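Peer 1: build the 3D model from these lines:
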Amino acid sequence: MAKKQKKATPKRAPTKHQLSKWQRQTKIRRIVIIAAVVFLAGILSWVGYEYYKDYKSDPLREVVIEVNDVPFTMEYFVKMIDARAYIAGWNSTVISYAGSQIADMVADDIINAELLRQGAKNLDIEVTTEEIDAKLKEYELPNDRVYRDIIRSDLLQEKLKEHFGSNLTATMEQAHVQVMLVESQEVADEVITKIEAGGNFTALAEEFSCSSSIGGDLGWLPKELMPNTLIADAAFNLTPGEISPPIYDETATKNVGYWLIEVTERQDEEVEARAMLLGSEAEAERVKAELASGNFSSLAMEYSQHESKTGGGELGWLEQGDMGSEAFDQVAFNITANEVSEPVKDESVQTTGGYWLVKVVDRGVHQLEEDVKEGLRDKHLNDWFEELKEDSTIENLLDAAKKSWAINKVLQGR
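Peer 2: From the prediction side, this is the model:
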């Protein structure tokens with residue numbers, strides 16, 4: 001016989017009192033949850049603010065250099081100084097003595113390295129992690145970011161040289177030239193007269209040229225590697241075998257100058273003197289002639305190339321050796337007081353302004369020698385880099401105080 005099924009007990013509806021109680025409990029739970037969330041958010045905000053405040057107040061975290069929005073902190077700067085010092089073998093004494101110069105050099109290195117990295121990337125030139133690792137191992141350097149960046153920069157420079165060198169042709173238009181820089185129009189005319197009389201250009205350059213860096217036979221060079229535009233224009237416009245007329249160059253630096261010296265008083269081993277430094281013997285003679293009717297101070301301010309020109313050539317009291325010139329001392333400590341000396345030639349000083357003489361030996365399409373290839377490669381690389389730098393936004397926020405702080409931080413770690 002089938003069992004009787006129990007009737008289901010009908011659920012009792014909650015009373016108004018129970019509903020009210022549940023609503024209050026739900027409301028309380030909601031308030032507690034909200035309060036807990038607000039409290040937790042407050043704690044996190046406070047912790048975050050304190051961390052941010054500490055972060056901002058820490059000098060090591062301050063951004064001191066930016067290159068096209070890529071930041072470098074004081075911490076990175078300090079570590080880079082230390083790394084450069086380690087590689088160069090500078091001890092604490094050197095770092096302390098040359099701190100400002102070292103800081104400037106490292107700041108420039110950071111900027112240039114980042115510019116190289118960005119520019120090379122635009123040329124699809126990059127350095128791999130494996131290449132950096134290999135060099136670190138070879139040089140036995142720490143595997144830190146600053147050392148990796150130094151190695152990356154060195155490798156990028158090598159790859160960029162290869163890149164710009166690979167674009168060179170085997171031959172190009174060149175000129176074979178001989179040049180000399182002489183001190184005045186008068187000397188230039190004398191040299192030209194000697195050449196026309198059969199004198200050898202190279203031998204005369206050794207005798208009369210007053211430039212230690214440019215002179216004599218320059219060999220075959222393309223126009224863009226000529227020492228300056230004045231020589232380049234002459235080299236590619238003159239007929240082979242022809243010598244240029246004297247070409248004045250106000251920016252040329254000569255290893256010679258001429259003093260006009262006047263001693264106004266003597267006392268024991270000292271003299272009180274004034275002087276002016278002129279660029280050529282001919283100019284010195286002209287200025288001395290003007291002194292007959294002119295004022296020494298005003299002429300010194302107009303013509304002298306010595307730093308004393310702003311004070312009218314006044315040098316004050318001098319002992320032998322103070323001017324760093326034997327030629328000056330030989331005259332200043334022996335001439336009669338209140339008389340202006342004859343022009344005194346001094347090859348221990350430098351003056352500006354001179355005349356170029358250029359002889360074109362030959363010109364035409366010529367094979368590029370290895371040193372010329374290297375010169376062209378380096379020039380193209382340098383021109384590319386300068387253009388890259390000009391088009392970049394660079395911020396160097398390092399002042400004297402920050403550089404000093406960084407140097408002291410490096411020294412503290414030694």
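Peer 1: how about the secondary structure of the closest residue to Glu342 other than its chain neighbours?
Peer 2: Spatially, and ignoring its direct neighbours in sequence, Glu342 is nearest to Lys288 (7.6 Å; Cβ to Cβ, 6 or more residues apart in numbering). From N, CA and C alone the C-beta is placed, and that goes for glycine too. Following DSSP: H, G, I helix; E, B strand; the rest coil, Lys288 is assigned to helix.
Peer 1: contacting residues for Lys288?
Peer 2: Neighbour list for Lys288: 260, 340, 342-343 [criterion: Cβ atoms under 8 Å, 6 or more residues apart in numbering].
Peer 1: by neighbour count, which of those residues wins?
Peer 2: Counting neighbours by other Cβ atoms under 10 Å, the top entry in the contacts of Lys288 is Leu260, with 26 neighbours.
Peer 1: quick check, it in contact with Ala273.
Peer 2: No - using Cβ atoms under 8 Å, Leu260 is not in contact with Ala273; the gap is 10.9 Å.
Peer 1: need the overlap of contacts for those two.
Peer 2: Common neighbours of Leu260 and Ala273 (Cβ under 8 Å, 6+ apart) do not exist.
Peer 1: just to revisit the earlier point, do you know how far the residue nearest to Glu342 is from Ser325?
Peer 2: According to Cβ to Cβ, to the nearest Å, Lys288 and Ser325 sit 19 Å apart.
Peer 1: what's the answer for Ala292, then?
Peer 2: Distance from Ala292 to Ser325, by Cβ to Cβ: 26 Å.
Peer 1: more neighbours: which of these two?
Peer 2: It is Ser325, of Ala292 and Ser325, that has more neighbours when counted by other Cβ under 10 Å, with 19 against 7.
Peer 1: all strands of the stretch 101-250 of the chain, in order?
Peer 2: 171-182, 216-221, 247-254 (DSSP state E, counting those that start in this stretch).
Peer 1: please produce TSV containing those, extended by mean pLDDT and distance to Val358.
Peer 2: Shown next, in TSV, are these (pLDDT from 0 to 100; distance: least, Cβ to Cβ, whole Å):
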stretch	mean pLDDT	distance to Val358
strand 171-182	96	5
strand 216-221	93	9
strand 247-254	95	7
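Peer 1: isn't Asp329 up against Gly321?
Peer 2: Yes - with contact defined as Cβ under 8 Å, Asp329 counts as touching Gly321 (6.9 Å).
Peer 1: now for the contacts of Lys288: which two are most distant?
Peer 2: Using Cβ to Cβ, the contacts of Lys288 span at most 10.0 Å, a distance reached by Val340 and Pro343.
Peer 1: what touches both of the two?
Peer 2: Common neighbours of Val340 and Pro343 (criterion: Cβ under 8 Å, 6+ apart): 260, 288.
Peer 1: count the neighbours of Lys373 for me.
Peer 2: 15.
Peer 1: quick check: the gap between the residue nearest to Glu342 and Val182.
Peer 2: With Cβ to Cβ as the criterion, Lys288 and Val182 are 21 Å apart.
Peer 1: and for Ala203?
Peer 2: 14 Å.
Peer 1: more neighbours, the two?
Peer 2: When Ala203 and Val182 are compared for neighbours, Val182 comes out ahead with 28 against 11, by other Cβ under 10 Å.
Peer 1: and that one, what does it touch?
Peer 2: By Cβ under 8 Å, 6+ apart, the neighbours of Val182 are 188, 191, 208-210, 246, 354-355, 357.
Peer 1: for it, list each beta-bridge partner.
Peer 2: Val182 has the following beta-bridge partners by DSSP bridges: Tyr355.
Peer 1: in stretch 347-360, what's buried?
Peer 2: Under the neighbour-count criterion of 16 or more other Cβ atoms under 10 Å, stretch 347-360 has 349-351, 353-360 buried.
Peer 1: among the residues you listed, which two are most distant?
Peer 2: The largest separation in the buried residues of stretch 347-360, counting by Cβ to Cβ, is between Val349 and Val360 at 32.2 Å.
Peer 1: off-centre distance for stretch 344-359?
Peer 2: The chain centre lies 27 Å from the centre of stretch 344-359; the measure is Cα atoms, centre = their mean, to the nearest Å.
Peer 1: where in the chain is pLDDT low?
Peer 2: 1-29, 31-57 (pLDDT under 70).
Peer 1: quick one, phi/psi of Asp346?
Peer 2: phi -140, psi 110 (degrees, to the nearest 10).
Peer 1: so it makes contact with Leu260?
Peer 2: No - the criterion here is Cβ under 8 Å, and Asp346 misses it with Leu260 at 11.4 Å.
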